[in-house]
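Asker: coordinates for the following, if possible.
(2 chains)
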Amino acid sequence: MLLKNEHGEGMMVSTIEQPTPTNSWEPRIVAFFCNWCTYTAADLAGVSRIRYAPNARIIRVMCSGRVDPQFILDAFSKGADGVLIGGCHPGDCHYMEGNYKALRRMQLLKRMMKDMGIEERRFRLEWISASEGERVKTVINEMTEQVRALGPLGLPKKFAEWDKELESLEHEINGKGEAIHA
Amino acid sequence: MPDKPKVAFYWCASCGGCEESVVDLAESILDVVAAVDIVMWPVAMDFKKKDVEAMADGSILVSLVNGAVRTSEQEEMAKLMRKKSKLIIAYGSCAHTGGIPGLANQFEREEVLRYVYEESPSTVNPQKTRPELKVITNGSTVTLPNFFNVVRALDQVIDVDYYLPGCPPTPKLLKQALEVLLSGKLPEKGAVLAPDIALCDECPKKDTKPSDLKFTEFKRPHWMQIDPKVCLLAQGILCMGPATRGGCEGVCISGNMPCTGCFGPPSRIKDQGAKILSALASQVEAKDEKGIDETLATIPDPVGTFYRYGLPVSLLRRKNF
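Answerer: Got it, this is the predicted structure:
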């Protein structure tokens, strides 16, 4: 399934929809693919009828350098379990330097996300040229298995959990609470 | 003579610097006192919670609430001020974006309590006594507020009408805000009462900022003799200016100290930390992983640097455990 990003500017606005209700959890991966290389490779994989895991929601961006670190954090905070970025090989960027900018940002973002308790393995930057349809399959399959092994990240659910302490307080103010260790 | 409009000040998890900034109005504070009735100001006046409770709902024109929300007491008072006030202003970085107390969102509540009550070098507590919410002693009940797991900005607890950013807000912005509110010409709800531009835009060193920076190392201000005329980023010093709202008129920069981001981001940025990370990292000179990592290793604490005042309102809100 290929989804186009309708929002050229700013953030993704919609919450990533839940997969059809089943009891088994499936990893949800948001993939930002550059228009000139990796997205074209994904197209090639499609027309070549290469089968790969259906867990990646692909968003086409003009360049891996267009992937604002905010997009990645936004994806995680709205329920993604993993984020994949695909760009042109070093030296091949349509805009000369975009993929280097992406690499530099992601090196620091990876470190920062680790400090924020998000495993490095939920996140991957991969260079895939337009002719590497087979590589799209390999990377998406590997990423899906890697994220599956880590289990759900589930941030929206965690945010709701965290905010329960505000509700429990209402209870306490009304004098119904028991003394508990702080 | 009609009643003067009522104004209240309240503080939550804060350092008192915001209170200080009100006093920094200097002689202008006399104009403020002449124009309004201050009905609550714990740091300076002897009004109690019950006095506020006795007031009619919505009878306070504006409450300026500073500080983040970390305890049940702060939550309760924030909710009370909301009920009694027509307008709530989140005053200062902590109320606006979580502030310095928000950095505690990198730790679990238990870690914080253990350190403070057991492990800190100045603590003597062999019985490992911890505060309790309710203790019955000699037949009377003593209670303490609950200490939350998450530090929150004010608008994560109550509805906020306006924001006055800064650690602390400058007297000039406070004065402008009070003038606007008293004039009755209210800005759009949710407005941040400071210009919607990046600090770089009003920076006194703006003209010397190169279009391409090419970082090889991020230096700390005390390592070097800073050229007072040149953009700090151009001198290799990590400055939050590109991702921070202006309005302070570059007070730190004018003192040759880099911006640390206290005004929060301008409106088109959702996550200040991610944005400054993007702006700085993309301009590292190296092109290979090893070289990039070496340069970026000179930013030892990205979370504490990029989210110094805004971790609770960041996209991830707190460390994930």
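Asker: the helices in chain A, which residues?
Answerer: A:38-47, A:69-77, A:98-115, A:133-150, A:155-162, A:164-173 (DSSP state H).
Asker: of the ones you listed, which is nearest B:Ile197?
Answerer: Of all the helices of chain A, it is helix A:69-77 that lies closest to B:Ile197, at 18.9 Å by C-beta to C-beta. The C-beta positions use only the backbone N, C-alpha and C, and glycine is treated the same way.
Asker: any idea how far the closest one is from the chain center?
Answerer: 7 Å (C-alpha atoms, centre = their mean, to the nearest Å).
Asker: next, the angle from it to helix A:98-115.
Answerer: Counting by axes from the mean of the first three to the mean of the last three C-alpha atoms, to 10 degrees, helix A:69-77 lies at 40 degrees to helix A:98-115.
Asker: now helix A:69-77 - C-alpha only, PDB.
Answerer: The C-alpha trace of helix A:69-77 is given here as PDB (Å, rounded to 0.1, in the frame of the first residue of the first chain):
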ATOM      1  CA  PRO A  69      13.400  14.900  12.700                       C
ATOM      2  CA  GLN A  70      10.000  16.200  13.900                       C
ATOM      3  CA  PHE A  71       8.300  13.900  11.400                       C
ATOM      4  CA  ILE A  72      10.000  10.900  12.900                       C
ATOM      5  CA  LEU A  73       9.200  11.800  16.500                       C
ATOM      6  CA  ASP A  74       5.600  12.700  15.400                       C
ATOM      7  CA  ALA A  75       5.300   9.200  13.800                       C
ATOM      8  CA  PHE A  76       6.400   7.500  17.000                       C
ATOM      9  CA  SER A  77       4.200   9.700  19.200                       C
END
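Asker: so does that helix get close to chain B?
Answerer: Yes: among the residues of helix A:69-77, A:Pro69, A:Gln70, A:Ile72, A:Leu73, A:Asp74, A:Phe76, A:Ser77 lie within reach of chain B under C-beta under 8 Å from any C-beta of the partner chain.
Asker: now the last one. Nearest residue, chain neighbours left out?
Answerer: The spatially closest residue to A:Ser77, leaving aside those adjacent along the chain, is B:Leu315, at 4.5 Å (C-beta to C-beta, 6 or more residues apart in numbering or on different chains).
Asker: near that neighbour, how many other residues are there?
Answerer: Number of residues near B:Leu315 (other C-beta atoms under 10 Å in any protein chain shown) recorded here: 21.
Asker: coming back round to it: mean neighbour count, mean pLDDT and distance to B:Asn149 for the helices of chain A - can I get that in CSV?
Answerer: Listed next are those as CSV, based on neighbours: other C-beta atoms under 10 Å in any protein chain shown; pLDDT from 0 to 100; distance: least, C-beta to C-beta, whole Å:
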stretch, mean neighbour count, mean pLDDT, distance to B:Asn149
helix A:38-47, 20, 97, 40
helix A:69-77, 24, 98, 18
helix A:98-115, 22, 97, 18
helix A:133-150, 18, 97, 23
helix A:155-162, 14, 95, 7
helix A:164-173, 14, 70, 6
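Asker: now do the helices in the stretch 201-321 of chain B.
Answerer: B:251-254, B:272-281, B:289-296, B:302-306 (DSSP state H, counting those that start in this stretch).
Asker: just name the most buried of those.
Answerer: Here the criterion is mean neighbour count by mean count of other C-beta atoms under 10 Å in any protein chain shown, and of those the winner is helix B:272-281, at a mean of 26.
Asker: what's that one in contact with?
Answerer: Applying C-beta atoms under 8 Å, 6 or more residues apart in numbering or on different chains, the contact partners of helix B:272-281 are A:68-70, A:72-73, A:104-105, A:107-109, A:112, B:97, B:215, B:218, B:238, B:240, B:242-244, B:261, B:264-265, B:269, B:292, B:296, B:299, B:302-303, B:306-307, B:310-311, B:314-315.
Asker: one more: stretch B:174-182?
Answerer: B:5, B:7, B:21-22, B:25, B:28, B:32, B:35-36, B:61-62, B:87, B:89, B:162, B:164, B:186-187, B:193.
Asker: beta-bridge partners for the residue nearest the centre of chain A, please?
Answerer: Geometric centre of chain A, nearest residue: A:Val83, 2.4 Å, by C-alpha atoms, centre = their mean. Note on A:Val83: beta-bridge partners by DSSP bridges are A:Val30, A:Phe123.
Asker: return the distance of it relative to chain B.
Answerer: For A:Val83, the distance to chain B equals 12 Å [C-beta to the nearest C-beta, to the nearest Å].
Asker: can you list phi and psi of the closest residue to chain A within the stretch 51-200 of chain B for me?
Answerer: Nearest residue of the stretch 51-200 of chain B to chain A: B:Lys134, at 3.6 Å (C-beta to the nearest C-beta). The phi/psi pair for B:Lys134 (degrees, to the nearest 10) reads phi -150, psi 130.
Asker: helix, strand or coil for the residue nearest to A:Glu165 when sequence neighbours are not counted?
Answerer: Among residues not flanking A:Glu165 along the chain, B:Phe148 sits closest, at 5.2 Å (C-beta to C-beta, 6+ apart). Secondary structure, DSSP: H, G, I helix; E, B strand; the rest coil: B:Phe148 is strand.
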